[in-house]
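Student: I would like to see how this sequence folds:
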Amino acid sequence: MDRLSEKRKTPRVEEKLPIKIMEGESGIVVETKNISASGAYLIMDKPMPLMSKVMVVLLIPECEGKNNKVQCGGTVVRTSPTTLNDKTLYETAIFFDDITEKTKNIISKHVKTVMGQS
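Tutor: Below is the predicted model:
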């Protein structure tokens with residue numbers, strides 16, 4: 001186990017899930033690169049200011065092809081530029097700091113299910 005994963009309090013899985021990030025009245029839909037019950041890591045076309053407060057809507061897969069729509073508040077805790085195919089993109093980490101236990105449990109259950117499949 002590497003040092004980074006040792007610091008994590010919640011398990012994280014590499015998975016592309018649709019995620020809507022709302023900052024004020026504007027929003028953008030992208031995909032997660034990885035997800036845990038405490039946050040999400042994603043790639044965006046534009047940078048978001050550090051410590052920005054955002055609302056997050058995630059579609060968490062359930063059985064039989066249905067999705068569970070969950071919402072929580074978060075804070076942008078990291079954004080760093082990267083280049084892909086001569087295009088600058090922004091690796092962005094959002095910490096879920098305004099999340100209900102129910103939502104946290106839905107995400108945790110999904111992460112454990114995905115971990116069991118790998």
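Student: Please, where are all the strands along the chain?
Tutor: Taking DSSP state E as the test, the strands found in the chain are 12-14, 18-23, 26-36, 39-44, 53-61, 67-84, 87-98.
Student: These into a markdown table, with extra columns for mean pLDDT?
Tutor: Formatted as a markdown table, the strands of the chain follow (pLDDT from 0 to 100):
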| stretch | mean pLDDT |
| --- | --- |
| strand 12-14 | 93 |
| strand 18-23 | 94 |
| strand 26-36 | 94 |
| strand 39-44 | 96 |
| strand 53-61 | 94 |
| strand 67-84 | 94 |
| strand 87-98 | 96 |
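Student: okay, those in TSV with distance to M115 and mean neighbour count next?
Tutor: All C-beta spots, glycine's among them, are computed from the backbone N, C-alpha and C. Output for those, formatted as TSV (distance: least, CB to CB, whole Å; neighbours: other CB atoms under 10 Å):
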stretch	distance to M115	mean neighbour count
strand 12-14	6	15
strand 18-23	19	16
strand 26-36	11	16
strand 39-44	16	20
strand 53-61	14	17
strand 67-84	18	14
strand 87-98	18	17
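Student: Which one of these lies nearest to S108?
Tutor: strand 26-36 (8.1 Å; CB to CB).
Student: so what secondary structure elements neighbour that closest one?
Tutor: On a contact count with 3 or more CB pairs under 8 Å, 6 or more residues apart in numbering; DSSP states H and E, strand 26-36 meets strand 12-14, strand 18-23, strand 39-44, helix 101-117.
Student: follow-up on the earlier one: now the strands of the chain as CSV including distance to K112?
Tutor: Below are the strands of the chain laid out as CSV (distance: least, CB to CB, whole Å):
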stretch, distance to K112
strand 12-14, 9
strand 18-23, 19
strand 26-36, 11
strand 39-44, 16
strand 53-61, 12
strand 67-84, 14
strand 87-98, 17
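Student: Quick check: which of the helices and strands packed on strand 26-36 is nearest to V57?
Tutor: Of all those, strand 18-23 sits nearest to V57, with 4.2 Å by CB to CB.
Student: And for the closest one, what's in contact with it?
Tutor: Applying CB atoms under 8 Å, 6 or more residues apart in numbering, the set of residues contacting strand 18-23 from outside is 27-32, 40, 42, 44, 48, 52-59, 94.
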